[in-house]
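Student: fold the stuff below for me.
(2 chains)
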Amino acid sequence: AQRVTQPEKLLSVFKGAPVELKCNYSYSGSPELFWYVQYSRQRLQLLLRHISRESIKGFTADLNKGETSFHLKKPFAQEEDSAMYYCALDQTGFQKLVFGTGTRLLVSP
Amino acid sequence: DGGITQSPKYLFRKEGQNVTLSCEQNLNHDAMYWYRQDPGQGLRLIYYSQIVNDFQKGDIAEGYSVSREKKESFPLTVTSAQKNPTAFYLCASSTHSGRGYNEQFFGPGTRLTVL
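Tutor: Presented below is the predicted three-dimensional model:
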């Protein structure tokens, strides 16, 4: 069965520190992976998608098929990055997403 | 915000009663989804619809029902058969813009409490 694992429920860092939110997946096909973010009092929204190989708000994520991982990274965390982050797998190509359990990132001043 | 709306924001019901949650979108999206969000469990897919008059069960469909009579609307009914209905429910929609590029847009959610 398809599964997305985010091992950390909470990640707490200081402003300016590097951040890595872990995401591992299990899927036999060719995965399409996403990171969604939910800031306080806002809706869940797309942060980035692996196929675009883009950097959004300083965040990047590289798909590592050998390690079945899609970790989200940012070299210097900002306080406004504090949010709930969800890794998601599109298992069919039709946007039928499987979400991880989420990691709350807390960036302290 | 706008685009996809859910109502009401908070909903209370007595045990044994069916309740319907509303989801409307004006984004002209073909696909719509219902998720349940519980602490520590992330989002779990209840039902989804790729096109009007068609829908499929997600991972936790038992105790729920949906309809898709209009492109803009995808109401979710939580029936008395759902054993643990108290949760936060999220609706989403998307359009097909190519494999790997599709983005789901989420509503603000409805918090259902069954007393």
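
Student: need the residues of chain A near chain B, please.
Tutor: A:6, A:9, A:32, A:36, A:43-46, A:49-52, A:86, A:90, A:93-102 (C-beta under 8 Å from any C-beta of the partner chain). (Glycine included, C-beta is placed from N, CA and C.)

Student: just the buried ones from those residues?
Tutor: Buried by 16 or more other C-beta atoms under 10 Å in any protein chain shown: A:6, A:32, A:36, A:43-44, A:46, A:49-50, A:86, A:90, A:95-102, out of these.

Student: how about the strands in chain A?
Tutor: Under the criterion DSSP state E, strands of chain A are mapped to A:3-5, A:10-14, A:19-21, A:24-26, A:32-38, A:45-49, A:60-61, A:72-74, A:83-90, A:97-99, A:103-108.

Student: export those strands to TSV and tack on mean pLDDT and distance to B:S49?
Tutor: Converted to TSV, the strands of chain A look like this (pLDDT from 0 to 100; distance: least, C-beta to C-beta, whole Å):
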stretch	mean pLDDT	distance to B:S49
strand A:3-5	94	23
strand A:10-14	97	35
strand A:19-21	97	31
strand A:24-26	95	25
strand A:32-38	94	20
strand A:45-49	93	20
strand A:60-61	95	29
strand A:72-74	97	30
strand A:83-90	94	17
strand A:97-99	91	14
strand A:103-108	98	30
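
Student: so what's the residue most central in space within chain B closest to, chain neighbours aside?
Tutor: Residue closest to the mean C-alpha point of chain B, counted by C-alpha atoms, centre = their mean, is B:W34 at 2.5 Å. Leaving aside its sequence neighbours, B:W34 sits nearest to B:I46 (C-beta to C-beta, 6 or more residues apart in numbering or on different chains; 4.3 Å).

Student: need the pLDDT of the one you found.
Tutor: pLDDT, B:I46: 96.

Student: for residue 77, give me its contacts.
Tutor: Answering for chain A, as no chain was given. If a contact means C-beta atoms under 8 Å, 6 or more residues apart in numbering or on different chains, then A:A77 has A:V13, A:F14, A:K15, A:G16, A:A17, A:P18, A:V19, A:L105, A:V107 as its contacts.

Student: could you do chain B instead?
Tutor: So B:T77 contacts B:N18, B:V19, B:T20, B:L21, B:Y64, B:S65, B:V66 (C-beta under 8 Å, 6+ apart).
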